[in-house]
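K.L.:
need the 3D shape of this:
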Amino acid sequence: LQFVESGGALVQSGGSLRLSCEASGADFDYYVVGWFREAPGKGREAVACISASGEYITYADSVKDRFTISRANAQDTAYLQMHNLRPEDTGFYYCAAETIITVEALCARKDFGSWGPGTQVTVSS
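P.N.:
Numbering: from 1, shown residues only. Okay, the predicted model is just below:
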């Protein structure tokens, strides 16, 4: 499964963005999907993960109550709605996915072999 992420932009602190992650190359419906981000000078971290059906979701503590992950299986697309953005949310945002895995385990993974191009989010103070 390959992803193309989009929707990143420069926004002011407190603003909102909606990121999209379009999948191709395999049956999206069977995959657990996660959003990950990499800030300048920091390692890649999980932001949120969603099960194949959308029933199970987990968030990083830093984004709870501000970000919402969702998916539209008919459009092979996952989304990340971000509100009340902070300068520390700045970074490149990526999607990754696996089958037969819990949302917690996907978000805990560090290695995915390859990543899509990502989309850049910059939050100014």
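K.L.:
which residue comes closest to the residue most central in space within the chain once chain neighbours are left out?
P.N.:
The residue lying closest to the centre of the chain (Cα atoms, centre = their mean) is W35, at 1.8 Å. Of all residues not flanking W35 in the chain, V47 sits nearest, at 4.4 Å (Cβ to Cβ, 6 or more residues apart in numbering). Using the backbone N, CA and C atoms, a C-beta is placed for each residue, glycine as well.
K.L.:
which stretch of helix or strand covers that neighbour?
P.N.:
Element membership of V47 [criterion: DSSP states H and E] is strand 44-50.
K.L.:
helix/strand/coil for the residue nearest to A46 when sequence neighbours are not counted?
P.N.:
Leaving aside its sequence neighbours, A46 sits nearest to C107 (Cβ to Cβ, 6+ apart; 3.8 Å). Three-state call for C107 (DSSP: H, G, I helix; E, B strand; the rest coil): helix.
K.L.:
then the one 5 residues further on?
P.N.:
State at F112, reduced to three classes by three-state DSSP: coil.
K.L.:
returning to what we had before: burial measure for the residue nearest to A46, as a count.
P.N.:
Residues lying near C107 (other Cβ atoms under 10 Å) number 22.
K.L.:
repeat that for G8.
P.N.:
17.
K.L.:
what comes up buried for stretch 56-75?
P.N.:
Within stretch 56-75, the residues that count as buried by 16 or more other Cβ atoms under 10 Å are T58, Y59, A60, V63, F67, T68, I69, R71, N73.
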